[in-house]
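Participant: Any chance you could fold what I've pasted below:
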Amino acid sequence: MRKIWPVILAGGDGEDLWPLSRRLQPKAFLDVTGGGSLFRHTCQRLQRSGLHPPLVVAGTLAAARVREELLQLGLLGRARVILEPAARGMGMAALAAAFVIASREPRSLLLVSPCDQMVRDENRFHELLQAARPAAEAGAAVLLAPPLESVGGVRRAVFVVDDGERKNGPLPVRRLAGGVSAEGGGRKGQPRKGERALWNSGTVLVRADRLLARVRQRMPQVYAHMVQTMGHAWQDGIVVRPSALHWQRLPTMGLVPGIYGADGELLCQPADCGWEEVGDWAGLHHYLPHDERGNAAFGPALMAEAEDSLVWNAGGPLVALAGLKDVIAVSTADAVLVCAAEHADAAANFAARLARAGRPEAEQPVVTTHPWGRSQRLVHGGRYRLELLHVRPQGAISLRRHGHDLLVWLVISGRVDVVAGDRMTSLGAGESLAIPRHMLHRLDNPGPMEAVVLELRLNGMGEGAGSGQETGRRDDQSP
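Facilitator: Purely as a prediction, here's the structure:
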């Protein structure tokens, strides 16, 4: 029996959880539920016997973050990675993954999994996954879909034939009953008599060769563009970088609906396993623990006579909320979002407007989280950047090289071990080290307490000035 190959979708433009998520800090790499990032939770859920190490699809700018996460999970060198030049939707991400996997095992089963979701009963999830397997191996695409009423916010729905409940074991795979709802198209409204509404989670089990065949037959131009894109891709064994020139010709398209719709090739596996969407503020509020008034809060916040509201404070000014109902308030160091819960999609709309205007609030937060801790941007000039690094105990900024003319680390508190080239140096408070351009380096905090390090990066101060370009908090190194 072939192993299922998880395809973890970790791309996007960082809009849905704005101002917490940004273009350079996508929601996949935020810790919003505790215990690590959403990407980490998804990888851990899919590291079960019978499943292949994952294939990760992420944006080029997230390459360093993917590498850090995979290193922490023990998957570096085992997982494969596709780095998208730009976001093109779940459909194109899944199609690219199918090309990579089919080149090795054409009949492999792909489990296409967005990583902005949480599953409370993981044993049940894997039981349902195995229940969906026979239909997928026979050539169908099987959408794993939880009950719509169990998910917070306004969600895309699929309508299936309701042929009763089963007391023992998973419900059987079901055919669709006339449509898939989506923004801008598809069937809307409530289920009709004899139907049941399920949430379109976007998690699909499908054979790689069947996905490719469907696109080749129904969307030949898209298929031809993807052939060119992957044919000109750069590969180093585990990392695939599709051709940016050809990638930009691909349409933005979903998987369900998009490549698949309401026809006989798409079936549905009801999935009652405590599965929830946490990739936007409405879904996250629904998932988090609430007080007796239905409120949830993270970080410094005051609430009085408020009901069914969420306050999230990530390093911003204190938020005080009184006498309001169904409100979402998010505070960060450089931006604040306040909206009615029913308008939680305003976060993505604001982020898109800011990006079009070239505003920094759409790009990168002042405080960025990492597997090793967090970084705080202090000053960012044209040729220099000053940041404060908070490295957790036993945390490590993994081996890399930078494209700046000079990197300086000054230890404020704690003790760190720095590898620069072929030398290792231990630095305590008040000690510093300068690292020349292109030299391999890493930083470890071996102690039991957090280490705080001031980082200065100088760009364009010497020969070759202007040849490098900043693309994120960490250099764009491949996993």
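Participant: secondary structure class for the residue nearest to residue 335 when sequence neighbours are not counted?
Facilitator: Leaving out its chain neighbours, the residue that sits closest to residue 335 by C-beta to C-beta, 6 or more residues apart in numbering is residue 19, at 3.7 Å. From N, CA and C alone the C-beta is placed, and that goes for glycine too. Counting by DSSP: H, G, I helix; E, B strand; the rest coil, the backbone at residue 19 sits in coil.
Participant: Where does the prediction get shaky in the chain?
Facilitator: 49, 152-155, 161-172, 176-191, 193-194, 262-263, 404, 460-479 (pLDDT under 70).
Participant: any chance you could map the helices in it?
Facilitator: 38-45, 63-73, 89-102, 122-137, 208-218, 220-231, 244-247, 281-287, 346-356 (DSSP state H).
Participant: Compare these and give me the one nearest residue 459.
Facilitator: Closest to residue 459 of the helices of the chain is helix 63-73 (C-beta to C-beta; 16.9 Å).
Participant: Let me know the angle separating that closest one from helix 38-45.
Facilitator: Helix 63-73 and helix 38-45 are oriented at 40 degrees to each other (axes from the mean of the first three to the mean of the last three C-alpha atoms, to 10 degrees).
Participant: Distance from stretch 195-209 to the middle of the chain?
Facilitator: On the basis of C-alpha atoms, centre = their mean, to the nearest Å, stretch 195-209 sits 19 Å off its chain's mean C-alpha point.
Participant: do stretch 348-367 as well
Facilitator: How far stretch 348-367 lies from its chain's middle: 18 Å, per C-alpha atoms, centre = their mean.
Participant: Any idea how far apart the tips of it sit?
Facilitator: 20 Å (C-alpha to C-alpha, to the nearest Å).
Participant: same question, stretch 258-270
Facilitator: Span of stretch 258-270 from end to end, C-alpha to C-alpha: 21 Å.
Participant: Now do that stretch: distance to the chain's middle.
Facilitator: 24 Å.
Participant: gap between residue 230 and residue 270?
Facilitator: 34 Å (C-beta to C-beta, to the nearest Å).
Participant: re the thing from before, list phi and psi for the residue nearest to residue 335.
Facilitator: Main-chain dihedrals, residue 19, degrees, to the nearest 10: phi -90, psi 10.
Participant: Just give me the neighbour total for it.
Facilitator: 24 (other C-beta atoms under 10 Å).
Participant: again with the one 10 residues further on
Facilitator: By the other C-beta under 10 Å criterion, the neighbourhood of residue 29 contains 26 residues.
Participant: Let me see the ranges of the strands in the stretch 101-250 of the chain.
Facilitator: 109-114, 117-119, 141-145, 157-161, 174-180, 195-199, 204-207, 234-235, 239-241 (DSSP state E, counting those that start in this stretch).
Participant: If you compare the directions of the first one and helix 38-45, what angle comes out?
Facilitator: In other words, strand 109-114. Using the same axes, to 10 degrees: strand 109-114 against helix 38-45 is 150 degrees.
Participant: name the helices or strands packed onto strand 109-114?
Facilitator: strand 4-9, helix 89-102, helix 122-137, strand 204-207, helix 208-218 (3 or more C-beta pairs under 8 Å, 6 or more residues apart in numbering; DSSP states H and E).
Participant: Could you check these and tell me which one is nearest residue 79?
Facilitator: Evaluated over the helices and strands packed on strand 109-114, closeness to residue 79 peaks at strand 4-9, with 8.5 Å, by C-beta to C-beta.
Participant: how does this structure divide into domains?
Facilitator: Following automatic domain parsing, one finds the domains of the chain at 4-277, 292-344, 372-458.
Participant: and residue 276, how many residues sit next to it?
Facilitator: By other C-beta under 10 Å, 21 other residues sit near residue 276.
Participant: Residue 303 versus the residue nearest to residue 335, what's the distance?
Facilitator: 20 Å.
Participant: Same question for residue 27.
Facilitator: On the measure of C-beta to C-beta, residue 27 and residue 303 end up 25 Å apart.
Participant: Which residues are in contact with the closest residue to residue 451 other than its chain neighbours?
Facilitator: Spatial nearest neighbour of residue 451, excluding adjacent residues (C-beta to C-beta, 6+ apart): residue 414 at 3.1 Å. By C-beta atoms under 8 Å, 6 or more residues apart in numbering, residue 414 lies in contact with 391, 428-429, 445, 447, 449-452.
Participant: phi, psi of residue 414?
Facilitator: phi 80, psi -170.
Participant: show me what contacts the nearest residue to residue 311 once chain neighbours are set aside?
Facilitator: Excluding the flanking residues, the one nearest residue 311 by C-beta to C-beta, 6+ apart is residue 301, at 4.1 Å. Shown in contact with residue 301 (C-beta under 8 Å, 6+ apart): 311, 313, 318-321.
Participant: Let's see if you can find the most crowded of those.
Facilitator: Result: residue 311 is most packed of the contacts of residue 301 (other C-beta under 10 Å), 25 neighbours.
Participant: burial of residue 150, as a residue count?
Facilitator: 16.
Participant: residues touching it, list them.
Facilitator: 199, 272, 274-276.
Participant: Just the buried ones from the residues you listed, in PyMOL syntax?
Facilitator: Buried subset of these, written as a PyMOL selection, criterion 16 or more other C-beta atoms under 10 Å:
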select buried, resi 199+272+275+276
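Participant: Any chance of the contacts of residue 150 in TSV with distance to residue 341 as columns?
Facilitator: As requested, those are exported to TSV (distance: C-beta to C-beta, whole Å):
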residue	distance to residue 341
199	18
272	25
274	21
275	21
276	16
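Participant: Can you tell me which of the contacts of residue 150 is closest to residue 224?
Facilitator: Nearest member of these to residue 224, counting by C-beta to C-beta, is residue 199, at 33.6 Å.
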